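Asks: please work out how this folds:
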Amino acid sequence: MKKVFITGANKSIGFETARQLLQKGYYVYLGSRSPEKGLQAVEKLKAEGLHKVEAVQIDVSDDNSVKAARTEIDKKTDVLDILINNAGISGGLPQTATGTGIETFRKVFDTNLFGVVRTIREFKDLLENAPEPRIVNVSSSMASLTLNSDPSWPYYHHKGAAYLSSKTALNMYTVNLAYELRDTSFKVNLVDPGFIKTDFNNHRGTGTVEEAGARIVKYAVMDKNGPTGKFISEEYNPGTGEIPW
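Replies: Coordinates of the predicted model:
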């Protein structure tokens, strides 16, 4: 049975992604910063008849927490097929370029960029034990430098100095990661779930968590012919899914 670890999976898009992977027969390690909320999420899924799931406490902004999560998963498996880095924070909006404090930048980057780096470094060897390992880093179309520079883009006026910068940095890290793993069986991609109605944006989104989960799952379970090192937004580009950097 293939196994997947999803960070930030106790609610919203992460939770729905876990649900859809469970429905496909995967075993899910449901990462949650709060142990209590993680257990509540697991019980909710089990109440739906989805039993191949267990909660793992992880705060991706904390080195010791990430290491502890690895220790916990080591007790259960020696292989991980999929890692989905979904945990993220906005840091509170609005965020102007000149008015946003350094501490906000540090806090947002510590989760959205450094948290992904920590988690990948800690779990990479478990992924290497899988025949076709997959890493999906959850990004945002708002990370696109091209789109953010285009006054005709519908979201041109939706800026956020710390949040957007952290996601753009995540994109560059992922480009480097995919390049490093280019001659292996890894597939590494960035997926924008879309403008989804969740508490992350005070439910102002236009899409559903079901749509978002399906977009992430598609690139988590793709076969050996799938792409790697790509920036995907099927909301922006329903065709190939690729989005300008």
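Asks: pLDDT score assigned to the residue sitting nearest the centre point of the chain?
Replies: In the chain, the residue lying closest to the centroid (C-alpha atoms, centre = their mean) is N86, at 2.4 Å. N86 carries a pLDDT score of 98 in this model.
Asks: and the gap between it and N10?
Replies: 10 Å (C-beta to C-beta, to the nearest Å). Just so you know, the C-beta spots here come from the backbone N, C-alpha and C atoms, and that holds for glycine as well.
Asks: now do K187 against D223, distance only.
Replies: 9 Å.
Asks: just F231 next, same as before
Replies: 20 Å.
Asks: so if I had to pick from K187 and D223, which one is more boxed in?
Replies: Between K187 and D223, counted using other C-beta atoms under 10 Å, K187 has the larger neighbour count: 24 against 7.
Asks: how about the residue nearest to that one when sequence neighbours are not counted, secondary structure?
Replies: The shortest distance from K187 to any non-neighbouring residue, by C-beta to C-beta, 6 or more residues apart in numbering, is to T228 (4.5 Å). Counting by DSSP: H, G, I helix; E, B strand; the rest coil, the backbone at T228 sits in coil.
Asks: ok, Y179 next?
Replies: Assigned with three-state DSSP, Y179 falls in the helix class.
Asks: can you show me the strands along the chain?
Replies: 3-6, 27-32, 53-57, 82-85, 134-138, 187-191, 231-232 (DSSP state E).
Asks: which elements pack onto the third one?
Replies: Same thing as strand 53-57. strand 27-32, helix 35-47, helix 63-74 (3 or more C-beta pairs under 8 Å, 6 or more residues apart in numbering; DSSP states H and E).
Asks: who's in contact with the first one?
Replies: Which is strand 27-32. Defining contact as C-beta atoms under 8 Å, 6 or more residues apart in numbering, one finds that strand 27-32 is touched by 1-10, 14-15, 18, 21-22, 38, 41-42, 45, 52-58, 69, 73, 76, 87.
Asks: what pairs with that strand, parallel or antiparallel?
Replies: Using DSSP bridges, the strands paired with strand 27-32 are strand 3-6 (parallel), strand 53-57 (parallel).
Asks: ranking those strands by burial, who's on top?
Replies: strand 3-6 (a mean of 25; mean count of other C-beta atoms under 10 Å).
Asks: next one: it to chain centre, how far?
Replies: Put simply, strand 3-6 sits 11 Å off its chain's centre (C-alpha atoms, centre = their mean, to the nearest Å).
Asks: can you redo the helices and strands packed on strand 53-57 as CSV with distance to P94 and mean pLDDT?
Replies: Shown next, in CSV, are the helices and strands packed on strand 53-57 (distance: least, C-beta to C-beta, whole Å; pLDDT from 0 to 100):
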stretch, distance to P94, mean pLDDT
strand 27-32, 28, 98
helix 35-47, 27, 98
helix 63-74, 30, 98
